[in-house]
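[1] show me the folded form of this:
(4 chains)
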Number of protein chains: 2
Amino acid sequence: MTTGIEAYLHTHTRLSDEEIARIALAATPRSLRRNELLLQEGQICRHKAFVVKGLLRNFGVVADGSEHILQFSPEDTWTLDAESYDRSTPSAFNIAAIEPSELLLWTRPVFNRLLEEIPELHALSLQLISRNGYNSRQRLFAALSATPEEKYNGFVRDCPDLVSRLPLHMIAAYLGISLKTLTRIRHAQWQQR
Amino acid sequence: MTTGIEAYLHTHTRLSDEEIARIALAATPRSLRRNELLLQEGQICRHKAFVVKGLLRNFGVVADGSEHILQFSPEDTWTLDAESYDRSTPSAFNIAAIEPSELLLWTRPVFNRLLEEIPELHALSLQLISRNGYNSRQRLFAALSATPEEKYNGFVRDCPDLVSRLPLHMIAAYLGISLKTLTRIRHAQWQQR
DNA sequence: TCCGATTATGGTCAAATGACCATCTTTAGT
DNA sequence: ACTAAAGATGGTCATTTGACCATAATCGGA
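    Predicted coordinates for the structure are as follows:
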């Protein structure tokens, strides 16, 4: 029986079946209801996590109460808030479920044990953190340089699956534009065909 | 005689004097003139680097020729383009000197050798990559959520030294606002006192 | 030291964006 | 299946922002 993580590790690493099983067995399952918080701003991130099913968002909240979304869970995979986890500092952002979700969690002692037993896990961790930084940087450049329409088109290009899964106001919060502007863009593109 | 990196490693790591000397000796010095490119978009990043003196910018260029700055060199330290270095893929961005600068460079084989000899260097590398991702993420959040004035005030708060070192159009390119808007903000804050 | 290039500031104007409000539709959870 | 909540769209308006222009000041390299 494959819970999702086995398949992931099979295709993304060279770990043996035995190692993969050990990793999966060490995890604690966790379910999240829609909008349930997994990590709250100010809390210390105490887990590595793998999203088996569902969709999460990583977001910050500003003074007027509005949300701004840094990433969705496919990119979040494994790391949650890397800075908070690594340094045991309060997390700067929140993580919550968008859809009902199923996760696997590893506490720090459990995961450290796995890292000792399975050195190749180090490489994966490093790769994920590095990839995460790369994504943030690409997104930063888009935020600095692209027009709202370019941002939206880029999102449709890069995450076509998410376009239909997400409410528009979250896409707007992800792109850093207002819901109104997003609606206008889509309206214009509709008429154009 | 301290070239700058010795002092840095003394205060930021627990490396011994002997190890520090070995790291410094393995490096190749490099000077950059004002505006000289260290890494060009599309090139593969083949070095780790330490900025002994001067100031660099990491930037992308869009269709109309305008620059958008991702970071300045204090944060760049050591990593240059981590993604390009680690995976030997073409760099997505450029790095150039703002002021005449002095660097130390390590090619991949040389640096790998150091990593083998000095395991603690791994920890430093990881920390720098991780920190870099954290900075990108913080900046992304600011880009998504802050007004131009908030961005500028944040920059003055976080990098007071750079405010006087940089031409305004670069600050604007860093904050993702137009030079005109930046001038307006400063003008308003001037009158307010 | 000097000259050319870079940098800073200001004015005007058009356009894009966001805030607010209302309405209609769809969705989710019981 | 039903109902309340959430989501999507549209209209209007004020504001901000950026583009373009010109000019003055400053800086940097020979």
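
[2] close to DNA strand C: what parts of chain A are there?
    A:33-34, A:100, A:147-149, A:176-178, A:180-181, A:184 (C-beta under 7 Å from any atom of the strand). Glycine gets a C-beta too; all of them are placed from N, C-alpha and C.

[3] what's around A:Arg22, how many residues?
    A:Arg22: 15 surrounding residues under other C-beta atoms under 10 Å in any protein chain shown.

[4] contacts only, for it.
    A:114, A:117-118 (C-beta atoms under 8 Å, 6 or more residues apart in numbering or on different chains).

[5] could you do A:Leu15 as well?
    A:9, A:23, A:118, A:120-121 are the contacts of A:Leu15 under C-beta under 8 Å, 6+ apart.

[6] just the ones in helices from these, please.
    Within the contacts of A:Leu15, residues falling in helices by DSSP state H are A:9, A:23, A:120-121.

[7] who wins on neighbours among those?
    A:Ile23 (24 neighbours).

[8] give the helix, strand or coil label for A:Lys53.
    Secondary structure, DSSP: H, G, I helix; E, B strand; the rest coil: A:Lys53 is strand.

[9] next one: A:Ile98
    A:Ile98 - assigned by three-state DSSP - is strand.

[10] OK, contacts around it?
    Neighbour list for A:Ile98: A:34-35, A:54-57, A:72, A:165-166, A:170 [criterion: C-beta under 8 Å, 6+ apart].

[11] please flag which of those residues sit within helices.
    Going by DSSP H, the helices hold A:165, A:170 from the contacts of A:Ile98.

[12] buried only: go through the contacts of A:Ile98 for me.
    A:54-57, A:72, A:166, A:170 (16 or more other C-beta atoms under 10 Å in any protein chain shown).

[13] let's have the residues you listed in a markdown table, adding distance to chain B and pLDDT.
    Output for the buried ones among the contacts of A:Ile98, formatted as a markdown table (distance: C-beta to the nearest C-beta, whole Å; pLDDT from 0 to 100):
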| residue | distance to chain B | pLDDT |
| --- | --- | --- |
| A:Gly54 | 22 | 93 |
| A:Leu55 | 19 | 94 |
| A:Leu56 | 16 | 95 |
| A:Arg57 | 13 | 96 |
| A:Phe72 | 14 | 95 |
| A:Leu166 | 16 | 96 |
| A:Met170 | 13 | 97 |
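
[14] in the helix or strand hosting A:Ile185, what's buried?
    Element membership of A:Ile185, judged by DSSP states H and E, is helix A:179-191. Residues of helix A:179-191 classed as buried by neighbour count (16+ other C-beta under 10 Å): A:181-182, A:185.

[15] domain assignment for chain A?
    A:5-145, A:146-193 (automatic domain parsing).

[16] off-centre distance for the shortest one?
    From the chain centre to the centre of domain A:146-193 is a distance of 19 Å (C-alpha atoms, centre = their mean, to the nearest Å).

[17] repeat for the longest one
    Between the centre of domain A:5-145 and the centre of its host chain there is 6 Å, according to C-alpha atoms, centre = their mean.

[18] report the separation between the two terminal residues of it.
    Terminal residues of domain A:5-145 are spaced 36 Å apart (C-alpha to C-alpha, to the nearest Å).

[19] I'm done for today, thanks for sticking with me.
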